[in-house]
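In: My questions concern the predicted model and sequence given below.
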Amino acid sequence: MKKYYISQLKEGTNLERVPFVVLKKSIGSNRNGRSSLTLTLGDRTGSILARRWDDEGKDISIGVVYEVSGRVVIYNNNTEIALDSLTPASQFDPRDFIPQSPRNSLALLEDLKKIAETIEDQGIKDLIMLFLKDERFLKNFLLAPAGKMIHHAYIGGLIEHTWEVCKIALTAGEMYPEMNRDLIIAGSILHDIGKVDELTYSTQIEYSTKGRLLGHIFIGAMAVRERARSISSLSPSYLQQLLHIILSHHGDYSTGSPILPMTLEAETVHRADYLSAQVNRFYNILKDKPEERWVKGDNLLGRQLYKGKIKNLTVEEIIMSEIERLEEEE
Ligand SMILES: [Fe+2]
Ligand SMILES: [Fe+2]
């Protein structure tokens, strides 16, 4: 986490190598012919102008993160940064630039691991643990968003969505004992793992080239197929059913699934996936709007939403209720 965010900057604040992303760049000159470089700098809390005289900013690129030194001044009634220096940041935390999940990603991972421990079939359990104990995979899985815009489009969104899908699907699984609980757990955890490679998230969420060319459904199925090769305990039939859950989880050809759900578990994971995504989408549309008003949905939704009396919880309140809930379960 960095020392200062844009929303905290006040006249007189001294900045020393604080990372910001360059959003815009323009070169101007005054009546005396002095050139001035004007940048719009951004982070997850907003944007601010930054200026330096006698500079044409030839080495400054848009979209790149720089460590900025300078001081915050008032110029033409605006708060802006008088720049001393900018150096390209060799590393930075994407959470400084992209909004973050209100939930504790590590606690969700621990909960998923606990659920995975209850898988009875050794082959399915070995496969899931291969993912959940792989530090390199987990680093991405904990940070990745689950989408660019529609749902869980923030750092930590993928683990939050995966956990929700698993909990929703398991609740359905408890109602219908004829379903295979192991497949529901494993299918839920694996259904979107391709998103780890489909999306990039440094200063904003974008689709990677791999993601655009292959899509997360195919990437995820390939990753599972690949890892399953090393697990002799996994039955070919279970592997096939897990791949079926991943491939069919969007539920329809028009939404990107190459096959429709044809097992109880695949249909359940698909419905849980849809519910998790849709609740998050509704909440994001409604959360900052005034109470008891009709709110225009996004373009794809094509309907208005009624806010009514939904709770506007703070991040701390969500985390506290989460901790209380997990403690109650133990
Ligand atoms: Fe998906
Ligand atoms: Fe999903």
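Out: Structure's in. What do you need? Ligands and ions are numbered 1, 2, ... in the order given.
In: Give me every residue in the protein lying close to ligand 2.
Out: Within the chain, the positions lying close to ligand 2 (Cβ under 5 Å from the ion) are 192, 273. (Each C-beta comes from the backbone N, C-alpha and C, glycine too.)
In: Now Ser85: phi and psi?
Out: The phi/psi pair for Ser85 (degrees, to the nearest 10) reads phi -150, psi 160.
In: and it, what is it in contact with?
Out: Applying Cβ atoms under 8 Å, 6 or more residues apart in numbering to Ser85 gives the contacts 68-70.
In: By neighbour count, which of the residues you listed wins?
Out: Of all the contacts of Ser85, the highest neighbour tally under other Cβ atoms under 10 Å goes to Val68, namely 23 neighbours.
In: Kindly confirm my reading that it is in a strand.
Out: Yes. Using DSSP: H, G, I helix; E, B strand; the rest coil, the assignment for Val68 is a strand.
In: separation between the residue in the stretch 51-200 of the chain that ligand 2 sits nearest to and Phe141?
Out: Proximity of the stretch 51-200 of the chain to ligand 2 (Cβ to the ion) peaks at Asp192, 4.1 Å away. Applying Cβ to Cβ, to the nearest Å, the value for Asp192 to Phe141 is 10 Å.
In: now Pro261
Out: 24 Å.
In: residue contacts, whichever residue of the stretch 201-330 of the chain sits closest to ligand 2?
Out: Nearest residue of the stretch 201-330 of the chain to ligand 2, counting by Cβ to the ion: Asp273, 4.2 Å away. Residues near Asp273 by Cβ under 8 Å, 6+ apart: 165, 191-192, 249-251.
In: 10 Å instead?
Out: Asp273 sits next to 146, 151, 161-162, 164-165, 168-169, 187-188, 191-192, 245, 249-251 when contact means Cβ atoms under 10 Å, 6 or more residues apart in numbering.
In: How about Asp93?
Out: Asp93 touches 1-2, 19, 143, 155, 202, counting by Cβ under 10 Å, 6+ apart.
In: Just the helices from this protein, written as ranges.
Out: For the chain, the helices defined by DSSP state H occupy 105-117, 122-132, 135-143, 157-175, 181-190, 195-198, 209-228, 236-248, 264-286, 315-329.
In: now the third one against helix 105-117, angle please.
Out: Put simply, helix 135-143 runs at 120 degrees to helix 105-117, going by axes from the mean of the first three to the mean of the last three Cα atoms, to 10 degrees.
In: same for helix 135-143, what does it pack against?
Out: For helix 135-143, the packing partners by 3 or more Cβ pairs under 10 Å, 6 or more residues apart in numbering; DSSP states H and E come out as helix 105-117, helix 122-132, helix 157-175, helix 195-198, strand 199-201.
In: quick one: contacts of the fourth one?
Out: So that's helix 195-198. Contact partners of helix 195-198, identified using Cβ under 10 Å, 6+ apart, comprise 131, 137-148, 152, 157-158, 161-162, 192, 207-208, 210-212, 214-220, 222-223.
In: what's the neighbour count on Glu110?
Out: Other residues near Glu110 come to 12 when the count uses other Cβ under 10 Å.
In: Mind listing the shared neighbours of Asp192 and Phe141?
Out: Here Asp192 and Phe141 have 158, 162 as joint contacts, going by Cβ under 10 Å, 6+ apart.
In: The two: which has the busier surroundings?
Out: The neighbour count for Asp192 versus Phe141, taken as other Cβ under 10 Å, is higher for Asp192 (26 against 23).
In: how far is stretch 162-178 from where the chain is centred?
Out: Mean-position distance between stretch 162-178 and its chain equals 22 Å (Cα atoms, centre = their mean, to the nearest Å).
In: Any idea how many residues pack against Val64?
Out: The burial count for Val64: 14, using other Cβ under 10 Å.
In: Contacts only, for it.
Out: 21-22, 86, 88-89, 202-203.
In: returning to that earlier point: can you tell me which of the helices of the chain is most buried?
Out: A comparison of the helices of the chain by mean neighbour count, using mean count of other Cβ atoms under 10 Å, puts helix 181-190 on top with a mean of 26.
In: With just CA atoms, put it into PDB.
Out: In PDB, the C-alpha atoms belonging to helix 181-190 read as follows (Å, rounded to 0.1, in the frame of the first residue of the first chain):
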ATOM      1  CA  ARG A 181     -21.200 -33.300  -3.400                       C
ATOM      2  CA  ASP A 182     -17.600 -33.900  -4.400                       C
ATOM      3  CA  LEU A 183     -18.300 -32.800  -8.000                       C
ATOM      4  CA  ILE A 184     -20.200 -29.800  -6.800                       C
ATOM      5  CA  ILE A 185     -17.300 -28.600  -4.600                       C
ATOM      6  CA  ALA A 186     -14.600 -29.300  -7.200                       C
ATOM      7  CA  GLY A 187     -16.700 -27.900 -10.100                       C
ATOM      8  CA  SER A 188     -17.400 -24.700  -8.200                       C
ATOM      9  CA  ILE A 189     -13.800 -24.100  -7.300                       C
ATOM     10  CA  LEU A 190     -12.500 -24.800 -10.800                       C
END
